[in-house]
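Student: What would the 3D arrangement of this be:
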Amino acid sequence: MKTQVYESAVLINASLEDDQIGNITNRIKETITSNGGEIVEIEDWGRKRLAYMVKKSKIGYYIIFQYNSSPDLILKLERFFQLDESVLRYLTVKLEKNALEQFKQNKVQAAALLEEEKAATKPAVEETKKSEEKNEEVSNEPENIQ
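Tutor: All right, here's what the predicted structure looks like:
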């Protein structure tokens, strides 16, 4: 069967410990890979405040999986999400070619902006270091006590 690119956004109960969340994440990875899927990227957004309560929770832990797989895997993966009580919500979408290209463009732009910010802050950091060194030199000079 032809593989396609999918993305699953998973909202996990944030009241769980970090190692429990890690175990759930590992089980999701294992489910994808053991059923013939190939994980492309995992975005760990962490704990976020929810706009409204979901299953009596105000905070959720977001993880987004992007993977290549056949459509058969989606049924198995969503069944896993339904049976796991710690998964509050999930959404799986098939990504089209133009969406993947847009993701790549966004990453390139974000990397360029990050480089610009680093370049812009570097002179300011160097100036701060120089002024701190001058202040230390002045404070190390002996004072004339009369």
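Student: Would you agree residue 23 falls within a helix?
Tutor: Yes - judged by DSSP: H, G, I helix; E, B strand; the rest coil, residue 23 forms part of a helix.
Student: mind listing what residue 59 touches?
Tutor: When contacts are counted by CB atoms under 8 Å, 6 or more residues apart in numbering, residue 59 is found next to 14-15, 47-50. Where C-beta positions appear, they are placed from N, C-alpha and C, glycine not excepted.
Student: Now, the residues you listed that are in strands?
Tutor: Using DSSP state E, the members of these that fall in strands are 47-50.
Student: would you turn those residues into CSV with neighbour count and pLDDT?
Tutor: Listed next are the ones in strands among the contacts of residue 59 as CSV, based on neighbours: other CB atoms under 10 Å; pLDDT from 0 to 100:
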residue, neighbour count, pLDDT
47, 13, 92
48, 12, 91
49, 8, 91
50, 15, 88
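Student: Quick one: the residues you listed as a markdown table, columns for distance to residue 88 too.
Tutor: Formatted as a markdown table, the ones in strands among the contacts of residue 59 follow (distance: CB to CB, whole Å):
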| residue | distance to residue 88 |
| --- | --- |
| 47 | 12 |
| 48 | 12 |
| 49 | 14 |
| 50 | 9 |
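Student: between these, which is closest to residue 5?
Tutor: Checking the ones in strands among the contacts of residue 59 against residue 5 with CB to CB, the nearest one is residue 48 at 24.6 Å.
Student: check contacts around that closest one.
Tutor: 59-62.
Student: Distance of it relative to residue 69?
Tutor: 26 Å (CB to CB, to the nearest Å).
Student: Would you double-check that residue 120 falls in a helix?
Tutor: Yes - under three-state DSSP, residue 120 sits within a helix.
Student: Mind splitting the protein into its structural domains?
Tutor: With domains defined by automatic domain parsing, the chain comprises 4-95, 96-137.
Student: any idea which of those scores lowest on pLDDT?
Tutor: Lowest mean pLDDT of the domains of the chain: domain 96-137, a mean of 75.
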